[in-house]
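>>> pasting a predicted model and its sequence here:
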Amino acid sequence: MKVEDFDYYLPEELIAQTPLENRSSSRLMVLNKQSGDIEHRTFVDVINYLNPGDCLVLNDTKVLPARLFGEKEDTGAHVEVLLLKQLEGDRWETLVKPAKRVKEGTVVHFGDGKLKATCVDSLEYGGRIFEFSYEGIFYEVLESLGEMPLPPYIKERLDDQDRYQTVYAKERGSAAAPTAGLHFTKELLEQIAAKGVHIAFITLHVGLGTFRPVSVDNLEEHEMHSEFYQMNAETANLLNEVKQKGNRIISVGTTSTRTLETIATRNDGKFVAENGWTNIFIYPGYEFRAIDGLITNFHLPKSTLVMLVSALAGRDHILHAYETAVKEKYRFFSFGDAMLII
């Protein structure tokens, strides 16, 4: 299967630059994964497609203000650093621009020396491992210096940083938001729970590997970056019970999907309390063992995320849905509209 098989035409003006004032007022395309039939709704209508006994699974990761702007200690040259993943202690895997300015041993200062980073290793694609030094608590220093790491296709300034967090964000560690969850308000979640739908939380810290362009022609040769996930016993027991009773598991976002599928695949279709690293790559031909439906946004052409939704609903159905979304002027990507695949 070729990467080109997952391309589609997207006019640039359909890329949403800012979030809507009301989170749940975005549009919702409902796609029947069996027939390919499409309905056009508003996101609050999602409650009508959820049944008592179903379980909605949300990723409670919290985005770090992970973009830092600093200067090299020796030359004063400007450097941008994006934190991707905490390794151990104060060592972080990062993405650096311009990478050619930063070699092993390079020291970068942020906030007039409030935070200092020494490059200890070089990785591919502009990746660097930094060891940070500071006084006080790292995350408090980061909160005072860092900016929210919005995707490169968003050119507008985000006035309210909380709009790039879900209302249930809790476990800090992500380099990007699980954007399907941005549509939910606390009120909508309360209404869904009152209907008898279970709400469960898992954690997957989103790295940039999920969004990294596929640089090979054949899908089978692409390797995903690893991302950290965790599921507690309460969620595992609930999900097993939902499955046993024949009710549906609806994941919110591709990150929740990848976590659920990783755990179910490793445990013979069951859910267990565990944490670890996953580099699962889901594309057509994959047999789903965990989820029955998915709430997601509209994804970049030729991305691994388009491949994942194509695995669930079929490539032809997805490409037709995207063609329809363009025709109907849906808003695309992180701050865009949503799709429910059931």
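It's in. Numbers count the residues shown, from 1 in each chain.
>>> which residues touch Leu115?
Listed by C-beta atoms under 8 Å, 6 or more residues apart in numbering, the contact set of Leu115 reads 68, 70, 109, 132-134, 141-142, 145. Where you see a C-beta, it was placed from the backbone N, CA and C, and this is true even at glycine.
>>> and the gap between Gly89 and Gly173?
According to C-beta to C-beta, to the nearest Å, Gly89 stands 15 Å off from Gly173.
>>> for those two, indicate the residue with more neighbours.
Ranked by neighbour count (other C-beta atoms under 10 Å), Gly89 and Gly173 place Gly173 first, with 19 against 9.
>>> using the three-state scheme, assign the more buried one.
Three-state secondary structure (criterion: DSSP: H, G, I helix; E, B strand; the rest coil) places Gly173 in strand.
>>> give the contact list for the residue lying closest to it once chain neighbours are set aside.
Once its chain neighbours are removed from consideration, Gly173 has its nearest residue in His205; the separation is 3.8 Å (C-beta to C-beta, 6 or more residues apart in numbering). For His205, the contacting residues are 61, 85, 171, 173-175, 227-229, taking C-beta under 8 Å, 6+ apart as the criterion.
>>> name the residues of stretch 269-283 that are buried.
Applying a neighbour-count criterion of 16 or more other C-beta atoms under 10 Å, one finds 271, 278, 280-283 buried in stretch 269-283.
>>> same check on stretch 159-171?
Using 16+ other C-beta under 10 Å, the residues of stretch 159-171 that count as buried are 163-169, 171.
>>> let me have those in JSON lines, adding distance to Ala313 as columns.
Written out in JSON lines, the entries for the buried residues of stretch 159-171 read as follows (distance: C-beta to C-beta, whole Å):
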{"residue": "Arg163", "distance to Ala313": "28"}
{"residue": "Tyr164", "distance to Ala313": "27"}
{"residue": "Gln165", "distance to Ala313": "28"}
{"residue": "Thr166", "distance to Ala313": "24"}
{"residue": "Val167", "distance to Ala313": "27"}
{"residue": "Tyr168", "distance to Ala313": "26"}
{"residue": "Ala169", "distance to Ala313": "28"}
{"residue": "Glu171", "distance to Ala313": "29"}
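>>> Asp5: neighbour count?
Burial measure for Asp5: 15 neighbouring residues, criterion other C-beta under 10 Å.
>>> I figured it was touching Arg315, is that so?
Yes: taking contact to mean C-beta atoms under 8 Å, the distance of 6.7 Å between Asp5 and Arg315 places them in contact.
>>> show me what contacts the spatially closest residue to Arg266 that is not a sequence neighbour?
Using C-beta to C-beta, 6+ apart and skipping the chain neighbours, the partner closest in space to Arg266 is Glu274 (7.8 Å). Under the criterion of C-beta under 8 Å, 6+ apart, the contact partners of Glu274 comprise 230-231, 263, 266-267.
>>> next, Leu84: phi, psi?
The phi/psi pair for Leu84 (degrees, to the nearest 10) reads phi -110, psi -50.
>>> wait, it touches Glu93, no?
Yes: A contact is recorded between Leu84 and Glu93 when judged using C-beta under 8 Å, the distance being 4.8 Å.
>>> overlap of the contact sets of those two?
Contact with both Leu84 and Glu93 is made by residues Gly127, according to C-beta under 8 Å, 6+ apart.
>>> look at those two and report which has more neighbours.
A side-by-side neighbour count of Leu84 and Glu93, using other C-beta under 10 Å, places Leu84 first with 27 against 20.
>>> got a pLDDT number for that one?
At Leu84, the predicted lDDT confidence score is 89.
>>> for Val102, see how far away it is.
Between Leu84 and Val102 the computed distance is 15 Å (C-beta to C-beta).
>>> roughly how far apart are Asp37 and Leu340?
Applying C-beta to C-beta to Asp37 and Leu340 gives a distance of 12 Å.
>>> between these two, what contacts are shared?
Common neighbours of Asp37 and Leu340 are listed as Leu31 (criterion: C-beta under 8 Å, 6+ apart).
>>> looking at these two, which is more packed in?
Neighbours of Asp37 and Leu340, each counted by other C-beta under 10 Å, are more numerous for Leu340; the result is 22 against 11.
>>> and Ile129, helix, strand or coil?
Per three-state DSSP, the local secondary structure of Ile129 is strand.
>>> surely it and Asp121 touch.
Yes: taking contact to mean C-beta under 8 Å, the distance of 4.0 Å between Ile129 and Asp121 places them in contact.
>>> of these two, give the one with the bigger neighbour count.
For Ile129 versus Asp121, the count of surrounding residues by other C-beta under 10 Å is larger for Ile129: 19 against 13.
>>> surely Gly207 meets Thr255?
No: in this structure, Gly207 sits apart from Thr255 without contact. The criterion is C-beta under 8 Å, and the distance is 10.1 Å.
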